[in-house]
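Chemist: quick one, fold the following:
(one chain, ligands or ions: 1)
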Amino acid sequence: MKKVGIIMGSDSDLPIIKKATDTLKSLGILFEVHIYSAHRTPVQAAEFSKNARENGFGVIIAAAGMAAHLAGAVAANTTLPVIGIPCKSSNLDGIDALLSTVQMPSGIPVATVAINGGVNAALLSAQILAVEDKEIAEKLKAKRQADAAKVLEKDKNVLQQL
Ligand code: RP5
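Modeler: Presented below is the predicted three-dimensional model:
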């Protein structure tokens with residue numbers, strides 16, 4: 001099974017990454033996590049990205065806040081799919097990171113999830129791996145069915161709450 005590489009720009013992004021790793025664990029997907037910053041440790045971020053494919057990764061999640069250039073910098077150094085998580089870590093409530101992450105110029109794409117979207121970043125990475133991995137595809141299908149069942153249960157009970 002290919003692994004998911006997870007990079008965050010700072011340990012202050014950890015609560016968002018935890019949502020992603022919990023989701024990947026629930027699906028039995030292997031991952032590796034690093035704190036590599038595009039501006040504080042750019043060499044390590046680039047080296048990880050350049051070697052990611054030969055090191056067994058199938059997709060990379062990159063989470064950063066403020067002037068968030070980590071996902072783009074990672075994507076510049078690999079042709080693996082890169083998912084950017086814009087993190088809310090400034091007075092601008094994550095809008096700064098959202099625009100920085102999503103507005104990649106043509107040629108180097110970053111698939112951007114919602115601000116602090118750790119769960120969806122993990123699910124999207126699972127869906128990318130599931131293109132070639134039937135076991136992951138089955139687990140994703142089962143999760144959707146379980147999630148739908150929970151909503152239908154709430155639907156049954158909603159009237160009693162009003
Ligand atoms: C970004 O700047 C990080 O991804 C983090 O979201 C933000 C603030 O970093 P710290 O000053 O908390 O280390 O590089």
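Chemist: quick one: the top strand by length along the chain to chain centroid distance?
Modeler: If each strand of the chain is counted by residues according to DSSP state E, the longest one is strand 57-65. Put simply, strand 57-65 sits 6 Å off its chain's centre (C-alpha atoms, centre = their mean, to the nearest Å).
Chemist: now do it: which elements does it pack against?
Modeler: For strand 57-65, the packing partners by 3 or more C-beta pairs under 8 Å, 6 or more residues apart in numbering; DSSP states H and E come out as strand 3-8, helix 14-26, helix 70-75, strand 82-87, helix 95-102, helix 118-130. Any C-beta I mention is one placed from the backbone N, CA and C, and that applies to glycine too.
Chemist: distance to Ala63, mean neighbour count and mean pLDDT for those - can I get that in a markdown table?
Modeler: Converted to a markdown table, the helices and strands packed on strand 57-65 look like this (distance: least, C-beta to C-beta, whole Å; neighbours: other C-beta atoms under 10 Å; pLDDT from 0 to 100):
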| stretch | distance to Ala63 | mean neighbour count | mean pLDDT |
| --- | --- | --- | --- |
| strand 3-8 | 5 | 25 | 98 |
| helix 14-26 | 6 | 17 | 98 |
| helix 70-75 | 7 | 26 | 98 |
| strand 82-87 | 4 | 30 | 98 |
| helix 95-102 | 9 | 21 | 98 |
| helix 118-130 | 7 | 22 | 98 |
